[in-house]
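*Asks:* Structure for the following, please:
(chains A and B)
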Amino acid sequence: MRMFATIAKLLVKRVLTAIPILLLVSALLFCILRILPVDPAAMSLPPNATVQEVEAMRTEMGLNLPLYQQYGIWLNKLFHGDIGRSIHFRQNVTSLIGSTLPATVELALIAMVVATVFGLAGGLFLFYVRGTRAEAVMDFISILLLSLPEFLWSLFLLLIFGVFFEVLPFTGRLSPGFERPVVTGFLLLDSLITGKLSTFFNALEHMILPCLALGIALSPSLMRVLRSSLLDAYQDDYIQQARLRGLSEKRILIRHGLKNAILPTLSLMGVQFGFLFGGTLLVEIIYSYPGMGNLMVDAIRNADLPIIQGAGLTYCIAVLVISIVVDSLYLILNPKLRVR
Amino acid sequence: MTFEIDRRNLLQMLGLAAVSGSVLSQATIAFAADTDNVTIGWPSDVPSWDPNLRFVPDAQPLFKMVFDQPLDQSPDLKLIGNLITKWELKPDGMTMPFEIRSDVKFHNGDPMTMEDFKYTFVDRIKSGLKLDIANSWRTLTDIEILSPTSGVMKFSAPTPTAPQWLAFLGSYLVPKKYIESVGPEEFAKKPVGTGPYKLVDYQMNSRIVLERNDAYFGTKPKIKRVTIDIIKDPSARTAAIQSGQVDLTVNIPVREAERLGKTEGLTAEINPFTRLILLQMRNDKGFTDMAVRLAAHHAIDKAALSKAFYGGAAVPLSVPATPGTPGYLPDYKFAYDPELSKKLLADAGYTADKPATFTLAATNGQFPSDFDIARALVQMWQKVGLKVELQQIEYSKYFELNRGGQLPEATLYSFDNATGDPEIFSGYLMNPKMPFGAWKGPEIGDKILKLFVEPVYEKRIAGYKAVAQEAVETGANIPILQSVQTLVRKKSLNYVKYGNAWVLGSTMSWS
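*Replies:* Next comes the predicted model:
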């Protein structure tokens, strides 16, 4: 009961803190994008528009008003759920983000699972082989994994599994011929809801390479943090006492060492998940994945400021939500924090 | 709710567990080999399924499969009838009587009528919707309906390229009754056209699935289902055709196309089309002196650029028009002559101590090898004593910089004109009132403005040929190369090659 009360208190506190952060981010986003030498009015018209038409559009969009007034209008609309209208697509930004966000969330979540599995397994192995020649080899591998960014992993995996072995698809979310169920936008969930198992597995098959690319790039830092946390944990007395009690090394590692060492890794995972969201941009382009990263790249290419603003805010909200979730997990896993 | 558990699912599960996926990929490849289907790897998506909304050249082949244009173009770019069967622009260019087919139906079964024409080109634009075609049809004041199949387009000013625009960007017929009943937003979600294919599934930035319109008035496509995978990354497109995940793809690097052309089962083409690569020139700053502009042009080895960046397939150009189009001058050649460049600069008083200097702006990634060409140009100019600073710009900023008069002396630019008409080449590029070209000199500009209202076709074409040559000889324009489209396909997949790089599923068949 006490734990839930503490978590609820934390949630309230974090949500209250998140409001000024969001306001600040929205103001920064708005100002930075307005400072850019890009004219949204001109961009929203065809190239053969006249100077007079551009001027009329500028007035219509309120771009001739002082910056603070423009921000006020934008913020007011934002509070009413209107992020604006895309310059390039001429569609409501909210609906564009709404239709692409589930694909990115799905991708990021599964990539996080991949990163966690690889990171934890690798970290445990690194710790297990400490002081041996295998540690040096694993160290080398982890540095190698760390030094390649997501998009290079994407290309590398695509060439290996898509072109050389021809065993995995690498375009889109489904193979041609598969019907796409639309319920929530989360394809895996939707295919399960509608009972289309073949679609579910096909979608999963399409996620293997992008998720591996994202997950592999994140896992080395998790491995290394877990290893060093375990090394720290093993300096503590309770490990010696566990040994004196005659517990096996494996049991000590899983039951005592890992339980305490996992907390810094969990913190890192929270931070990494934020980066993972950002990392989907190029990965989605390479794998033709119809998520928010793909939309963002389009928006940047077309200087579509309303989408950039909307997507920027969405990324910010995602990071804040993740940090709240991680903090809650921290409280659940670490009783000392609950006492404080 | 039904669960489809069969042998295939079980095999898929096993495949996933092993992360080999070999069993699964068989399904994908088996589908691709089906002769009723074709999968195309295309580099960009439509901005919206409302075809009147935005001018995006690369999206035109996608629109053309779902919608029809009043007029069409043959593979050699001649204007041909389509929804309109007869048309005649009157000598003053102010009216154009036309007749339409009576046997055309929209995908929802509604018949196409003159009301749809009036709605698409007049009423919809006047309704205040932000449509790009409003700009191309701004002189169109009305369509007078004379009978169920005939009408007259009425213009507020001579509009000599009205027929060309009926087969160009954004000019697709949309259904009045359907749009008025569901609204424009819903129409963009579930588009209804008269085209050879119906849209059956669309996921933005990922996939377009089209199914043959069996009630199509024209030649029925041989392929029943066309899947278009939007693959923006050129490496991924290369991988997709190599692995057989798509049957045809375009715009991959020239070297990759050449390599894949040697792969068994695939064939590759490097096709020049109606897109220019040119230098947009200013008539002031470091380019005030005509000698500097001409020296810059004579110093460019266009054949070497073509060989280095386009496998020699990009045709070196001397005028801003592509071979085979009405405004092209096949017998006119602007010489590559670095010695003449040096002489022109020396005669104008420029020396090694006091060199002519200017800035070149170029995009990086807007069209294949753009920034590499810019770097090569800088080197070529250095050899003749021109000191050039290279500046990278975003394509999205081009028009804004041009409107504000902030483009540097020269800008490497690519200009697409699927019609091939010289108004949309020389005319648009050097009309001082339009935002495309940086040249604002009145000598050329006045001539162009007169040609914009010249209704007599032959006189108009002759005028554009003369002004194009004059522009090149005065350094108002430096055409460099005709752009190329790389295309790689399975050998057994046939398609019809268009001079403007349209790739249409409706022309494809398996052999």
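*Asks:* hey, let's count contacts and neighbours off CA atoms from now on
*Replies:* Will do.
*Asks:* How about residue A:74, nearest residue that isn't a chain neighbour?
*Replies:* In this structure, residue A:74 finds its nearest non-sequential neighbour in residue A:83, 7.5 Å apart by CA to CA, 6 or more residues apart in numbering or on different chains.
*Asks:* That neighbour in helix, strand or coil?
*Replies:* Secondary structure state of residue A:83, per DSSP: H, G, I helix; E, B strand; the rest coil, is coil.
*Asks:* same question, residue A:9
*Replies:* Criterion first, three-state DSSP; result for residue A:9: helix.
*Asks:* quick one: it and residue A:93, what's the gap?
*Replies:* Distance, residue A:9 to residue A:93, using CA to CA, to the nearest Å: 34 Å.
*Asks:* mind listing what residue A:126 touches?
*Replies:* When contacts are counted by CA atoms under 8 Å, 6 or more residues apart in numbering or on different chains, residue A:126 touches A:135, A:138, A:139, A:223, A:227.
*Asks:* let's see 10 Å
*Replies:* When contacts are counted by CA atoms under 10 Å, 6 or more residues apart in numbering or on different chains, residue A:126 is found next to A:120, A:132, A:134-139, A:142, A:223-224, A:226-228.
*Asks:* Same list (those residues) but as CSV, adding secondary structure, distance to chain B and neighbour count.
*Replies:* What follows is those, written out as CSV (DSSP: H, G, I helix; E, B strand; the rest coil; distance: CA to the nearest CA, whole Å; neighbours: other CA atoms under 10 Å in any protein chain shown):
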residue, secondary structure, distance to chain B, neighbour count
A:120, helix, 20, 23
A:132, coil, 30, 10
A:134, helix, 25, 14
A:135, helix, 27, 16
A:136, helix, 28, 14
A:137, helix, 24, 11
A:138, helix, 22, 18
A:139, helix, 25, 17
A:142, helix, 22, 23
A:223, helix, 22, 28
A:224, helix, 26, 22
A:226, helix, 26, 28
A:227, helix, 27, 26
A:228, helix, 31, 17
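*Asks:* Which two among those residues are spaced furthest apart?
*Replies:* Farthest-apart pair in the contacts of residue A:126 is A:120 and A:132; separation 19.2 Å (CA to CA).
*Asks:* What distance do you get for residue B:479 to residue B:410?
*Replies:* 12 Å.
*Asks:* Residues of the stretch 51-200 of chain B that sit close to chain A?
*Replies:* B:53-56, B:130-136, B:185, B:188 (CA under 10 Å from any CA of the partner chain).
*Asks:* gap between stretch A:74-84 and the chain center?
*Replies:* 24 Å (CA atoms, centre = their mean, to the nearest Å).
*Asks:* what about residue B:163, neighbour count?
*Replies:* 18 (other CA atoms under 10 Å in any protein chain shown).
*Asks:* right, I mislabeled it, should have said residue B:266
*Replies:* 20.
*Asks:* for the nearest residue to it once chain neighbours are set aside, phi and psi?
*Replies:* Leaving aside its chain neighbours, residue B:266 sits nearest to residue B:490 (4.4 Å; criterion: CA to CA, 6+ apart). Main-chain dihedrals, residue B:490, degrees, to the nearest 10: phi -70, psi 140.
*Asks:* What pLDDT is listed against residue B:490?
*Replies:* If you check residue B:490, the pLDDT there is 97.
*Asks:* would you list every one of the helices in the stretch 251-400 of chain B?
*Replies:* Ranges of helices in the stretch 251-400 of chain B, per DSSP state H, counting those that start in this stretch, are B:254-261, B:290-298, B:302-310, B:338-347, B:370-383, B:395-403.
*Asks:* quick one: is the fifth one near chain A?
*Replies:* No. When contact is scored as CA under 10 Å from any CA, no part of helix B:370-383 falls within range of chain A; the minimum is 15.8 Å.
*Asks:* Residues touching that helix, excluding its own?
*Replies:* B:277, B:279, B:295-302, B:304-306, B:308-309, B:338, B:341-342, B:355, B:359-365, B:369, B:385-392, B:411-414.
*Asks:* ok, back up a step: so what's in contact with residue B:479 and residue B:410 at the same time?
*Replies:* Joint contacts of residue B:479 and residue B:410 (CA under 10 Å, 6+ apart) are B:278, B:279, B:280.
*Asks:* check contacts around residue 257.
*Replies:* The chain I'm using is chain A. Residue A:257 neighbours (CA under 10 Å, 6+ apart): A:229-236, A:238-239, A:249-251.
*Asks:* not what I meant, chain B
*Replies:* Contacts of residue B:257 (CA under 10 Å, 6+ apart): B:238, B:249-251, B:263, B:266-270, B:311, B:486-489.
*Asks:* next one: residue A:9
*Replies:* Counting by CA under 10 Å, 6+ apart, residue A:9 has contacts residue A:3.
*Asks:* Quick check: it vs chain B, distance?
*Replies:* Separation of residue A:9 from chain B (CA to the nearest CA, to the nearest Å): 41 Å.
*Asks:* burial count for the residue of the stretch 51-200 of chain B found nearest chain A?
*Replies:* Using CA to the nearest CA, residue B:132 is the residue of the stretch 51-200 of chain B that sits closest to chain A, at 5.6 Å. Number of residues near residue B:132 (other CA under 10 Å) recorded here: 24.
*Asks:* swap in residue B:352?
*Replies:* The burial count for residue B:352: 11, using other CA under 10 Å.
*Asks:* Could you list the low-pLDDT ranges of the stretch 51-200 of chain A?
*Replies:* Counting by pLDDT under 70, the stretch 51-200 of chain A contains no low-confidence range.
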